[in-house]
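Asker: Okay, predicted coordinates and the sequence, questions at the end:
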Amino acid sequence: MELKSILLIVLGASVLGGIGLYAVGQWLGRKGNPLWVDAGSTVGASPKQTLGGIRQWFTAFLLKSYAAWMKVPPLRYYAGKIRMRLALSYPQDELKLRRQTMKLAYGITGSFAGSIAILTAMHPDVLFVLSLLITAVVLQDLLIDGYVNRLEVKLLEQLLDFFAAVRHAFHRHGMVPDAIEEAGEATGREIGVHAHWISEALVDADPDTALEKYYEKAPSRYLKAFAGISRLVSEYGDRKRAEGSMYLRGISRLTGEVQLELIRRRRLDYLLKGLHVIALVPVFFTKPVEMWARGHFPLMDAFYLSKAGMLIKAVLFLTILLSYVLLQKLKNEEETAYRAKPTNLSWEARVYAHRILGRFCRQFVPSPESVAYHRISQLLKETNHRLRIEAFQVRRISILGLSFVLALGGFLVLHQLTKQRILTEPPAVSTFFGALPKDTVDAGRQEAARDAAVMRQLGMSAKASYDEVFRSVSKMLEDAEEGKAHEELSEATHRILDKLQRWNQEYLKWWEFGLALLAGLAGYYLPLWMLYFQRWMRLIDMRHEVYQFLAMIAILRELERISVEEILEWLASYAVIFREPLHKCLLNYSFSPEEALLELKREVVLEEFQRLADKLLLASEKLLVADAFDDLDSDLSYQFERRRLDYEKSLDIKANWGRMIGFTPMYALVFAYLVIPLIWMSFEQMNLYFEQLQKL
């Protein structure tokens, strides 16, 4: 089947499948649900009605499927991955979260499995199936990311409307909880649920504990910041100055933050849009390019079936996978990296706790007093990584072993495939362009089969002499009652001797073992390189978080009884990148405030954060908080403009890197899989021309 037909079938199946899944989901999932009613309630239509019965059966099926999937490790991992992405978008109801998780899981796996099965039946090829699997992995991630990103953007848009409604309600009531409750009823359901939770926490008997519980499920830092400001104002009262209400000015600053975040998200999505697909396109064009080249240039068969051709193909697939991972790192929004999760041990921790494996892995863990230990620890913190150093080293060791085994196994497989290729290799032809005639192809296959039979008759020995091979070829032709001239027999003899020499040279070389060791070493350092790359891309994000700290402190400093410890607690609940050092500072603050702040300053090397720590240190020793941060008003407008420019610079950097990474597989396909083989073919043709000229 032609590629065009396959692509049309894929497009048609995708469109029909998408329309069908959307229609079924809308038909089965439509139900009325008021704003403050528990979303988990299954009270709906009467069971006597067919539609209601189907809906209830489908809901029960999804919930039972979720419980069944949790018992199978691979399915549990996949469902847990989807659940983790959806958890913050459906925090109000566990049952709805499970239903949405299983809807996505069944929809994605079912559509992809059906498409792969149909296309595999049409074109049963190992490389084609591998291409489909890679495509399915990438597309399912893109579908989940796109779905979650739409939910997050929708929440941010509703948050802007919610802040505007809170301003109007606060002007009328002057009471924070009442204003939040009224604004929540007037805005969208998603943000309305959070407004209800915040208002309930503010009027709770223990509002601090209630807010801590809300912080664990808040989907964004802006809602946490709003809840924290509302708590402070409801407890200490509002402060009105010439600039207006402190509470309303705080909401205005949060509104500016949300607007800037929305602009950044939309522009980043626009700049990186489609790059994942572009990076994936070469997967589908490797086979057509190869078939076109082999159909128009007979010499290209020898290249694509050689070790060099197979190595280039493997490197091309690795380039595609690596490009996809790097693009995910560029676009990844890791604001939710510190969410509370079940305390199940990771597989790295279980390996490290093993009596024998753990003893081996401890040899690779640096000493806690060493510089390497501190450097890796700091890197893990700055990149929002959950693993401890010991577990991280276990992961590096595992990738080392896997890379070494895969590289060594790849070399062994290449040698075996090359041996098979030598046995089935037809004689060289003098045709340079166009497809070979069918009779020439059939004659070449017969010659290759005869050569292989002679080689097996000689025991595949590289020590076979010219006379032995000549006699074997002559005898085989006599048995087949085929006669050939002496020159043709001599040519066949030389060809078989060359094949015997090449066949016996196909064994694992010492330098191939060394390359496998280098591949293992590269795999060992790959997780570390990925962390460095991620930290480099997040450097501007770290500065932005410090700017957001300053914007919030500009509000907190106006509270007369605010202390440095309370500011640290609020910053720790709001922080993402600097949450770990802030938590550590809070733990040590009650023993020695000065030492805790100095340790905080030493732990974070970012210059802007160190200046913030210096001001907190002054406020804890000699000055009031308002006096220590007396220059914030004149500095905030400059900082906001600088942040806007930094956002543009960050987006430009990510866009440039994204384009370079996204188009790398395409460049590799064109140059490594087409241009280089054509250059090789040109040199081979020149050699054949010279040989023919010498025979004249």
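Answerer: Done, it's in.

Asker: just checking, what packs against the helix or strand hosting H494?
Answerer: According to DSSP states H and E, H494 maps onto helix 486-504. Here helix 486-504 touches helix 389-423, helix 438-457, helix 466-479, going by 3 or more CB pairs under 8 Å, 6 or more residues apart in numbering; DSSP states H and E. Every residue, glycine included, has its C-beta placed from N, CA and C.

Asker: Figure out how far the first one is from the centre of its chain.
Answerer: Right, helix 389-423. Its chain's average C-alpha position is 23 Å from that of helix 389-423, according to CA atoms, centre = their mean, to the nearest Å.

Asker: In terms of secondary structure, what does it contact?
Answerer: Counting by 3+ CB pairs under 8 Å, 6+ apart, helix 389-423 packs on helix 307-331, helix 347-353, helix 355-361, helix 371-382, helix 438-457, helix 486-504, helix 510-537.

Asker: Of all residues in this protein, which one is nearest the centre?
Answerer: To find the centre residue of the chain, average its C-alpha atoms and take the closest one (CA atoms, centre = their mean): that gives Q328, at 4.1 Å.

Asker: got the contact list for that one?
Answerer: When contacts are counted by CB atoms under 8 Å, 6 or more residues apart in numbering, Q328 is found next to D141.

Asker: repeat for R85
Answerer: I144, D145, V148.

Asker: mind redoing it with 10 Å?
Answerer: R85 is in contact with T101, L104, D141, I144, D145, Y147, V148, N149, L151, T336, counting by CB atoms under 10 Å, 6 or more residues apart in numbering.

Asker: Now do the same for it: its pLDDT.
Answerer: In this model, R85 is scored at 73, pLDDT.

Asker: Tell me the secondary structure at it.
Answerer: In the three-state summary, R85 is assigned as helix, counting by DSSP: H, G, I helix; E, B strand; the rest coil.

Asker: Tell me how far it lies from H276.
Answerer: Here R85 is placed at a distance of 16 Å from H276 (CB to CB, to the nearest Å).

Asker: Okay, angle between the helix holding H494 and helix 466-479 too, please.
Answerer: For the pair helix 486-504 and helix 466-479, the angle between their directions (axes from the mean of the first three to the mean of the last three CA atoms, to 10 degrees) equals 120 degrees.

Asker: before we move on, the earlier item: now the buried members of the contacts of R85.
Answerer: By the neighbour-count criterion of 16 or more other CB atoms under 10 Å, the contacts of R85 include these buried positions: T101, L104, D141, I144, D145, Y147, V148, L151, T336.

Asker: Map the structural domains onto the sequence of this protein.
Answerer: Taking automatic domain parsing as the domain assignment, the ranges for the chain are 1-34+45-124, 387-529.

Asker: wait, doesn't L508 sit right on A407?
Answerer: No. The criterion here is CB atoms under 10 Å, and L508 misses it with A407 at 11.4 Å.

Asker: So which of those two has more stuff around it?
Answerer: Set side by side, L508 and A407 show more neighbours around A407, with 21 against 13, by other CB atoms under 10 Å.

Asker: and the gap between the more buried one and V315?
Answerer: Noted for A407: a distance of 12 Å to V315, by CB to CB.

Asker: Same question for D467.
Answerer: Counting by CB to CB, the gap from D467 to V315 is 44 Å.

Asker: neighbour count winner among those two?
Answerer: Between D467 and V315, counted using other CB under 10 Å, V315 has the larger neighbour count: 13 against 9.

Asker: residue contacts, the more buried one?
Answerer: Listed by CB under 10 Å, 6+ apart, the contact partners of V315 are A668, A672, Y673.

Asker: Quickly note the distance from the second one to V138.
Answerer: As judged by CB to CB, A672 and V138 stand 21 Å apart.

Asker: the more surrounded of these two?
Answerer: Each of A672 and V138 has its neighbours counted (other CB under 10 Å); V138 has more, 20 against 16.

Asker: average pLDDT for the host helix or strand of that one?
Answerer: Under the criterion DSSP H and E, the helix or strand holding V138 is helix 126-173. With pLDDT averaged residue by residue, helix 126-173 scores 82.

Asker: buried ones in the next helix or strand after it?
Answerer: Once the chain leaves helix 126-173, the next helix or strand it forms, by DSSP H and E, is helix 176-186. Of the residues in helix 176-186, those buried under the neighbour-count criterion (16+ other CB under 10 Å) are V176, P177, D178, A179, I180, E181, E182, A183, G184.

Asker: Helix 176-186 to helix 126-173, inter-axis angle?
Answerer: Using the same axes, to 10 degrees: helix 176-186 against helix 126-173 is 130 degrees.

Asker: same for helix 176-186, what does it pack against?
Answerer: In terms of contacts (3 or more CB pairs under 10 Å, 6 or more residues apart in numbering; DSSP states H and E), helix 176-186 is packed against helix 126-173, helix 189-202, helix 221-236.

Asker: Can you mark which positions in the second one are buried?
Answerer: By 16+ other CB under 10 Å, the buried positions in helix 189-202 come out as E190, I191, G192, V193, H194, A195, H196, W197, I198, S199, A201, L202.

Asker: next one: phi and psi at K240?
Answerer: Dihedral angles phi and psi of K240 (degrees, to the nearest 10) take the values phi -110, psi 120.

Asker: Name the residues linked to it by a beta bridge.
Answerer: K240 has these beta-bridge partners by DSSP bridges: S245.

Asker: That one: neighbour count?
Answerer: Here the number of neighbours of K240 (other CB under 10 Å) works out to 12.

Asker: now swap in T383 and tell me
Answerer: As a burial measure, the neighbour count of T383 was computed by other CB under 10 Å and equals 20.

Asker: in terms of contact, does it touch E580 like I think?
Answerer: No. Counting by CB under 10 Å, no contact exists between T383 and E580, whose distance comes to 11.0 Å.

Asker: show me where the stretch 1-150 of the chain has helices.
Answerer: Secondary structure of the stretch 1-150 of the chain (DSSP state H, counting those that start in this stretch): helices at 3-29, 50-69, 73-86, 94-122, 126-173.

Asker: right, and those helices - which one's nearest K438?
Answerer: Using CB to CB as the criterion, the shortest distance between K438 and the helices of the stretch 1-150 of the chain is 23.3 Å, found for helix 3-29.

Asker: For the closest one, give the mean pLDDT please.
Answerer: Helix 3-29 comes out with an average pLDDT of 52.

Asker: cool, stretch 618-629 as well?
Answerer: For stretch 618-629, the mean pLDDT works out to 80.

Asker: Ok, stretch 360-378 next?
Answerer: Averaging pLDDT along stretch 360-378 yields 86.

Asker: Provide the contact partners of it at residue level.
Answerer: Under the criterion CB under 10 Å, 6+ apart, residues 348, 351-354, 358, 385, 388-394, 396-398, 400, 524, 528, 531, 535, 580-581, 603-605 lie in contact with stretch 360-378.

Asker: buried ones in that stretch?
Answerer: Neighbour-count burial for stretch 360-378, with 16+ other CB under 10 Å as criterion, is recorded at C361, V365, I376, S377, Q378.

Asker: Can you get me the start-to-end distance on it?
Answerer: Stretch 360-378 stretches 24 Å from its first residue to its last (CA to CA, to the nearest Å).

Asker: Please state the offset of it from the chain centre?
Answerer: Its chain's C-alpha centre and that of stretch 360-378 lie 27 Å apart, by CA atoms, centre = their mean.

Asker: again with stretch 215-231
Answerer: Taking CA atoms, centre = their mean, one finds stretch 215-231 lying 27 Å from the centre of the chain it belongs to.

Asker: In it, which residues are buried?
Answerer: Within stretch 215-231, the residues that qualify as buried by neighbour count (16+ other CB under 10 Å) are 215, 218-231.
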